[in-house]
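In: Quick one, what's the 3D model for this:
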Amino acid sequence: MSLEEISIIETTDIKVENPVIICGLPDVGLVGVIAVSHIIKSLDMEEVAYIDSEIFPPIVVFHRGTPTYPLRIYQKRNMLAIFSEIALTPESIHPLAKSIVNWSKEKKTSMLVSLGGVGVPNRLDIEIPKVYGASNMEYIRDNLKKMEILIMEEGFLVGPYALIAKYSLQERIPNLVLLAESYPNYPDPGAAASVITALNKFVTLNVDVKSLMDRSEEIRLSARELMRKTAENLKKMGKSQEYELPLMYV
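Out: Prediction:
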């Protein structure tokens with residue numbers, strides 16, 4: 001394995017036909033991580049693959065006494081979920097995003113979905129966070145409008161989802177980005193509940209978010225350290241640029 005190589009190792013025979021692939025990677029408010037973790041548990045998804053590289057931190061995760069890889073892929077029928085339990089370093093996000101998009105292309109995905117958050121300073125005053133959507137495909141943008149999901153008209157996106165969007169554009173893979181209003185530097189289960197609700201309009205998940213909200217405080221406490229490391233790495237990636245407008249629209 002070369003230093004920049006990312007390997008996606010399938011531990012079982014993944015049989016899917018034009019699957020929906022959902023990404024839950026560490027980002028603002030850990031929205032995607034919390035949302036995808038809840039989806040995996042609620043649907044009792046099966047672990048089918050893991051992602052590994054020498055450029056990842058030297059970490060294994062123990063679950064029920066068994067060591068496992070921090071970046072894993074789960075399956076439930078025709079849905080695949082990519083989930084990370086570690087913060088992503090700036091050096092890893094380019095090859096990781098490219099590997100995810102290439103793997104999604106191999107699987108002939110019908111839609112590659114990125115779930116995340118967009119930091120808002122008045123999050124404390126927001127009871128139900130709004131969700132913004134964006135896509136490289138016109139028909140998906142039309143569906144966003146029909147489903148009354150706000151479209152992210154202008155702005156920047158920085159981090160792993162930005163690269164997934166860019167590489168999806170290059171490969172013409174249908175990509176949907178759903179971002180909920182979130183605390184910038186605190187784990188936000190409420191924002192995760194909002195993106196799950198929005199996603200359910202595209203994919204019939206039938207995932208109950210009440211149990212997620214009931215565990216909000218527990219999730220915030222358990223995710224503090226991952227949020228701290230993620231915030232440090234996002235700063236290095238220039239995440240603050242998301243709050244600016246593109247020059248041609250100023």
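
In: and Gly117, how far is that from Ala49?
Out: Per CB to CB, to the nearest Å, Gly117 is found 26 Å from Ala49. (Each C-beta comes from the backbone N, C-alpha and C, glycine too.)

In: same thing with Thr12?
Out: In this view, Thr12 and Ala49 are 8 Å apart by CB to CB.

In: Please say which of the two ends up with more neighbours.
Out: Set side by side, Thr12 and Ala49 show more neighbours around Ala49, with 20 against 10, by other CB atoms under 10 Å.

In: in terms of contact, does the more buried one touch Asp13 like I think?
Out: No: at 10.7 Å, Ala49 does not count as touching Asp13 under the criterion of CB atoms under 8 Å.

In: residues in contact with Ala35?
Out: Contact partners of Ala35, counting by CB atoms under 8 Å, 6 or more residues apart in numbering, are Gly24, Leu115, Ala192, Ala193, Val195, Ile196, Leu199.

In: Go through those and give me the one with the most neighbours.
Out: Using other CB under 10 Å as the neighbour criterion, Ala192 leads the contacts of Ala35 with 33 neighbours.

In: Just name whatever secondary elements the strand or helix carrying it is in contact with.
Out: Ala192 belongs to helix 189-199 when assigned by DSSP states H and E. The criterion is 3 or more CB pairs under 8 Å, 6 or more residues apart in numbering; DSSP states H and E, and the helices and strands that helix 189-199 contacts are helix 31-42, strand 111-119, strand 131-135, strand 175-182, helix 210-214, helix 216-222.
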